[in-house]
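Trainee: okay, here's the prediction I keep looking at, along with the sequence it came from:
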Amino acid sequence: MTPPLRIGFVGGGFITRFHLRSLLQVRDCTVTAVASRTRDSAEEAAALARELGVGSAARAHDSTADLAADPEVDAVWICARNDTRIETGRALLEGARRRPAAAPLRGVAVEKPLARTLGEALEFAALLEELGAPVGYLEDMLFAPHLVRGKEVAWRRGAGVAGRPYLARAAEEHAGPHSKWFWQPEVAGGGVLLDMMCHSLEAARWLLTEPGAPRDSLEPVAVQATTACLKWSQPEYAALLRERYGPEVDWERRPAEDFAHAVVRWRTADGREVVSETTSSWCYVGAGLRHTFDLLGPEYALSVDLADTGARVFFSREVRGEAGEDLVEKQNAEQGLMPISPDEPAHYGYSGENRCFVRAFLEGRAPEPGLGAGLDVMRLLMACYRSAETGAVTDPHDADLVGYHPTFRPRT
Ligand SMILES: NC(=O)c1ccc[n+]([C@@H]2O[C@H](COP(=O)([O-])OP(=O)(O)OC[C@H]3O[C@@H](n4cnc5c(N)ncnc54)[C@H](O)[C@@H]3O)[C@@H](O)[C@H]2O)c1
C-alpha cells in the first residue's frame with residue numbers, strides 16, 4: 001500500500017479551510033502540519049483537520065521554515081496572503097536544508113495568484129525551482145465537475161463534428177472579499193482583476209484548448225481590458241470599508257478596481273483566431289456568487305452556471321437568523337429564495353484538484369496546471385492592467401511586462 005502524502009499548509013485562513021474540507025474526498029493523503037502568520041490561526045486550522053478526520057496528527061508550527069523542515073511533511077500547500085510568496089519561498093528553502101537528504105519535499109502546490117506582479121512571480125518561481133520539488137498551480141475551476149464534463153461533451157460531440165470552439169466567456173462576481181488585506185492594493189497586488197480574473201482567464205483558455213493538447217497550442221496574441229471602481233469608492237461604501245477594516249483601507253483615496261473586463265485574442269496551432277471574454281467584479285449583490293461560463297462553436301453552445309447549485313430553500317420574513325455563509329460561499333442574505341450547495345469543495349473543483357495534485361506528487365511529477373501556468377496567467381493579468389491603464393491593446397509577450405507594476409493612483 002502506498003504511504004499517504006503528508007501535507008503541510010502555509011496559511012490557516014479561508015482557502016485552507018476549503019482545501020481541508022475537500023480532502024474528505026481525496027485518498028492517499030493526510031494533513032500533518034499548518035504554519036500561519038499567528039500561532040492561533042495555525043492551531044485553528046490544525047484543529048479543523050483533526051476534527052474533520054483529514055489529519056489526525058495535524059499540529060501547528062511556529063514558522064514556514066519549521067514546517068518545511070518537518071520530516072512528517074512531504075508536500076506543502078501555499079495558501080497565505082498574496083504578498084508573502086517571496087518570504088514563503090525563502091522559508092521553504094531554509095527549512096528544506098534542514099531535512100534529511102534522503103527525504104526531500106515531494107511537492108509544492110501554490111494558490112492563485114502566483115504573486116502580485118510578473119517580476120515577483122518570476123522571482124518566486126526561481127526560488128521554487130531551486131527547491132527542486134515538483135510544483136503545481138492551484139486553479140480549482142479546471143477541476144469543477146460541471147466544467148470538466150461540459151468541456152468533454154462539447155469537444156467530443158460538438159467540435160468533433162462541427163469544428164473547434166471559437167469563443168469562451170467566463171464571469172465571476174460577488175459582493176467583495178472576506179479579509180482586510182484583499183482591500184489593500186499594495187498588499188494584495190490589485191483589486192478584483194488580480195483576485196478573480198486569474199480564474200476566468202485560465203478557465204476560458206482551458207475550455208478553448210483541445211482535450212489532451214499542450215497549453216502552448218493556444219497562444220495569446222492581444223489583450224484589451226477595462227477596469228473601473230463602480231461601488232466601493234462611493235463615499236458611503238468607502239466609509240463602510242473603513243468602519244469594517246480600519247483607516248488602512250481607504251477606497252475614497254486609495255482604491256483598486258472592483259470591476260474588470262478583458263478580451264483576449266488567441267491563435268491556435270493551425271493559425272485560427274479564437275477569443276476569450278472575461279468579467280470579474282466585487283460589486284455584484286445576489287444570493288451568492290454570479291459564476292458563469294460559455295463555450296461557443298459553429299453549431300453548439302455549452303453553458304454552465306455554477307451559482308445554480310441544484311437546491312433552493314425559501315425563508316419567509318418571519319425567519320430571522322444570524323448573517324453567515326452556511327448556505328453558499330459569498331452568501332448575501334438569510335431570507336427569501338436562497339441557493340444551498342450540498343458540497344461546495346467538490347462543486348468548485350477543490351476535491352478534483354487535490355486528487356490530481358496528491359496523485360502527481362506521490363508519483364514524483366508536477367501536476368497540470370504547473371508553475372508555467374501560474375506564470376502565463378500572471379503575464380496575462382499584467383497585460384490586462386496595462387491595457388486598462390493605457391486604453392490600448394497590449395501584447396502579452398511584451399518584455400516590459402516583467403518590470404511592470406499596475407498603478408493604483410491615490411485620489412485627491
Ligand atoms: N482558489 C480560490 O478560489 C481562492 C479563494 C480564496 C483565496 N485564494 C488565495 O489563497 C490565498 C489565501 O487567501 P485566504 O482567502 O485564505 O485569505 P485569509 O485572509 O482568509 O487567510 C490568509 C491566511 O494567511 C496567513 N498568513 C498571512 N501571512 C502569512 C505568512 N507570512 N506566513 C504564513 N501564513 C500567513 C494568515 O494568518 C491567514 O491564516 C491568497 O493567495 C488568495 O488569493 C484562492
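Mentor: Perfect, I can see it now. Numbers count the residues shown, from 1 in each chain.
Trainee: can you list the weak-confidence ranges in the protein?
Mentor: For the chain, the stretches flagged by pLDDT under 70 are 409-412.
Trainee: for the ligand, what's the nearest residue on it?
Mentor: Closest approach between the chain and the ligand, counting by Cβ to the nearest ligand atom: Gly13, at 1.9 Å. In short, each C-beta sits where N, CA and C put it, glycine included.
Trainee: for that residue, what are its contacts?
Mentor: 36, 41, 45, 79-80, 179 (Cβ atoms under 8 Å, 6 or more residues apart in numbering).
Trainee: restrict these to contacts with the ligand.
Mentor: With Cβ under 6 Å from any ligand atom as the criterion, the subset of the contacts of Gly13 in contact with the ligand comprises 36, 41, 79-80, 179.
Trainee: wait, which of these is closest to Ala133?
Mentor: Nearest to Ala133 out of the ones next to the ligand among the contacts of Gly13 is Cys79 (Cβ to Cβ; 16.5 Å).
Trainee: ok, the closest one - contacts?
Mentor: Contacts of Cys79 (Cβ under 8 Å, 6+ apart): 9-11, 13, 15-16, 19, 111.
Trainee: not counting its neighbours along the chain, what's nearest it?
Mentor: Excluding its sequence neighbours, the residue lying closest to Cys79 (Cβ to Cβ, 6 or more residues apart in numbering) is Gly11, at 3.8 Å.
Trainee: so the one you found makes contact with Asp83?
Mentor: No - with contacts counted by Cβ atoms under 8 Å, Gly11 stays clear of Asp83, the gap being 11.9 Å.
Trainee: of those two, give the one with the bigger neighbour count.
Mentor: Gly11 (24 against 16; other Cβ atoms under 10 Å).
Trainee: quick check: the more buried one vs Arg164, distance?
Mentor: Look at Gly11 and Arg164: by Cβ to Cβ, to the nearest Å, they are 39 Å apart.
Trainee: same question for Glu173.
Mentor: From Glu173 to Arg164 the distance is 28 Å (Cβ to Cβ).
Trainee: who's more crowded, those two?
Mentor: More crowded of Glu173 and Arg164, by other Cβ under 10 Å: Glu173, with 23 against 17.
Trainee: give me the beta-bridge partners of that one?
Mentor: Here Glu173 sits in beta bridges with Ser281, Arg290, going by DSSP bridges.
Trainee: so what's it up against?
Mentor: By Cβ under 8 Å, 6+ apart, the residues touching Glu173 are 196, 279-284, 289-291.
Trainee: switch the contacts of Gly13 over to a markdown table; also include secondary structure.
Mentor: Below are the contacts of Gly13 laid out as a markdown table (DSSP: H, G, I helix; E, B strand; the rest coil):
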| residue | secondary structure |
| --- | --- |
| Ser36 | coil |
| Ser41 | helix |
| Ala45 | helix |
| Cys79 | coil |
| Ala80 | coil |
| Ser179 | coil |
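Trainee: can you redo the residues you listed as JSON lines with distance to Gly374?
Mentor: As requested, these are exported to JSON lines (distance: Cβ to Cβ, whole Å):
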{"residue": "Ser36", "distance to Gly374": "22"}
{"residue": "Ser41", "distance to Gly374": "24"}
{"residue": "Ala45", "distance to Gly374": "23"}
{"residue": "Cys79", "distance to Gly374": "14"}
{"residue": "Ala80", "distance to Gly374": "15"}
{"residue": "Ser179", "distance to Gly374": "21"}
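Trainee: now the buried members of these.
Mentor: Neighbour counting by 16 or more other Cβ atoms under 10 Å classes 36, 41, 45, 79-80 among those as buried.
Trainee: mind putting those into a markdown table with distance to Val319?
Mentor: Output for the buried ones among the contacts of Gly13, formatted as a markdown table (distance: Cβ to Cβ, whole Å):
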| residue | distance to Val319 |
| --- | --- |
| Ser36 | 36 |
| Ser41 | 33 |
| Ala45 | 32 |
| Cys79 | 35 |
| Ala80 | 38 |
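Trainee: which parts of the stretch 101-250 of the chain are strands?
Mentor: Under the criterion DSSP state E, counting those that start in this stretch, the stretch 101-250 of the chain contains strands at 107-111, 135-138, 167-173, 218-228.
Trainee: Phe314: which of the ones you listed is closest?
Mentor: Of all the strands of the stretch 101-250 of the chain, strand 167-173 sits nearest to Phe314, with 23.5 Å by Cβ to Cβ.
Trainee: flag every buried residue along that closest one.
Mentor: Neighbour counts over strand 167-173 (16+ other Cβ under 10 Å) mark 167-173 as buried.
Trainee: same check, this time on stretch 128-143
Mentor: So for stretch 128-143, counting by 16+ other Cβ under 10 Å, buried means 128, 131, 133-143.
Trainee: the ligand contacts on the chain?
Mentor: Going by Cβ under 6 Å from any ligand atom, the residues of the chain near the ligand are 10-16, 35-38, 41, 64, 79-82, 84, 87, 111-112, 138, 140, 179.
Trainee: narrow the residues you listed to those in helices?
Mentor: Within the residues of the chain next to the ligand, residues falling in helices by DSSP state H are 14-16, 41, 64, 87.
Trainee: filter those residues to the buried ones?
Mentor: 15-16, 41, 64.
Trainee: share the number of residues neighbouring Ala102, please.
Mentor: Ala102 - counted by other Cβ under 10 Å - has 6 other residues nearby.
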